[in-house]
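[1] pasting a predicted model and its sequence here:
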Amino acid sequence: MKKLFAEGIGTMFLVILACGSAVLAGPQIGVLGIGLCFGLVLLCLCYAIGGISGCHVNPAVSFAMWLSGRMKAGEMCGYIVAQLIGATIGAGFLYCLTRMGVGYSYGGTTEASGSFLATNVLQPGATPMMALLTEGLLTFFFVLTVLGATDARTSFTKFGGLAIGIGLGLVNIVGIPVDNCSVNPARSFGPAVFDPTAWGDFWIMLVGPAIGAILAALAWRVLAPSKASVE
């Protein structure tokens, strides 16, 4: 239960702080600042709960861990449920905040769709196939970073949280202009619960990260060092 609670709490704060950076400070900090916030939040969470649950806070990561044989199917399902619940609670807090400010300049809005709460929707000029390819490639990179940085057979695990946080920041800087960048179905699900206009593009935030996670797991199976090479 501690692992599931850690995943729920971690995903909740990922949404509150990372999505919140767009909702509460987006107009001031821009894409670069929002991407940096995503990375820094995950970096903090890696060292806060990494030793408890591994700090997946992302169904795509848990899926890749299962594909890589690092967790059982039942455990993966429990993680994903906890992540979805945590993301929904986090989005609920953001939703409440957007109802409290009078005249406050909230960000996180995509004018073309009317979506708010930094939901994952296509940005002006982006197409579904563009977003799907972007999500697949960025998730591939991010999950591959997670798999490599946390593999006990490498000598870099002590700095894994740093690499993972930087990785999330990088993919958000690239992906936000396309679809507000998901690479994490839970991060997409939570805000969409409070913003029905986001459901139309939600399938992209499921299929893209799933494909990326599969590719990352397959790639790491080829790239992973053998025990003999580590010794």
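    Received, thanks. Numbering: from 1, shown residues only.
[2] may I see the buried residues of stretch 196-214?
    198, 201-202, 204-206, 208-214 (16 or more other C-beta atoms under 10 Å). To be clear about C-beta, it is placed using only N, CA and C from the backbone, and glycine gets the same treatment.
[3] with stretch 117-131 instead?
    Going by 16+ other C-beta under 10 Å, stretch 117-131 has these buried residues: 117-123, 126, 131.
[4] what packs against the helix or strand that contains F189?
    Using DSSP states H and E, F189 sits within helix 185-193. Helix 185-193 is packed against helix 2-13, helix 59-67, helix 73-98, helix 202-223, with contacts defined by 3 or more C-beta pairs under 8 Å, 6 or more residues apart in numbering; DSSP states H and E.
[5] okay, the ones you listed, which one's buried deepest?
    Greatest average neighbour count among the helices and strands packed on helix 185-193 goes to helix 59-67 (a mean of 26), per mean count of other C-beta atoms under 10 Å.
[6] contacts for that one next, please.
    By C-beta atoms under 8 Å, 6 or more residues apart in numbering, the surrounding residues in contact with helix 59-67 are 54, 56, 71-73, 75-76, 79-80, 83-84, 139, 142-143, 146-147, 183-186, 209-210, 212-214, 216-217.
[7] mind saving the C-alpha coords of it as CSV?
    Written as CSV, here are the backbone C-alpha positions of helix 59-67 (Å, rounded to 0.1, in the frame of the first residue of the first chain):
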residue,chain,number,x,y,z
PRO,A,59,1.3,4.8,-16.7
ALA,A,60,3.7,4.7,-19.7
VAL,A,61,6.6,4.2,-17.3
SER,A,62,4.8,1.4,-15.4
PHE,A,63,3.8,-0.2,-18.7
ALA,A,64,7.4,-0.2,-19.8
MET,A,65,8.6,-1.6,-16.5
TRP,A,66,6.1,-4.5,-16.9
LEU,A,67,7.3,-5.1,-20.5
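[8] what angle do it and helix 2-13 make?
    150 degrees (axes from the mean of the first three to the mean of the last three C-alpha atoms, to 10 degrees).
[9] do you know how far the residue nearest to G200 when sequence neighbours are not counted is from P191?
    Among residues not flanking G200 along the chain, V121 sits closest, at 7.4 Å (C-beta to C-beta, 6 or more residues apart in numbering). Distance, V121 to P191, using C-beta to C-beta, to the nearest Å: 10 Å.
[10] checking the residue lying closest to C19 once chain neighbours are set aside next. Helix, strand or coil?
    Nearest in space to C19, with sequence neighbours left out and distances taken as C-beta to C-beta, 6+ apart, is A118 at 4.3 Å. Here A118 takes the coil state, with states given by DSSP: H, G, I helix; E, B strand; the rest coil.
[11] before we move on, what about the one 4 residues further on?
    Three-state call for L122 (three-state DSSP): coil.
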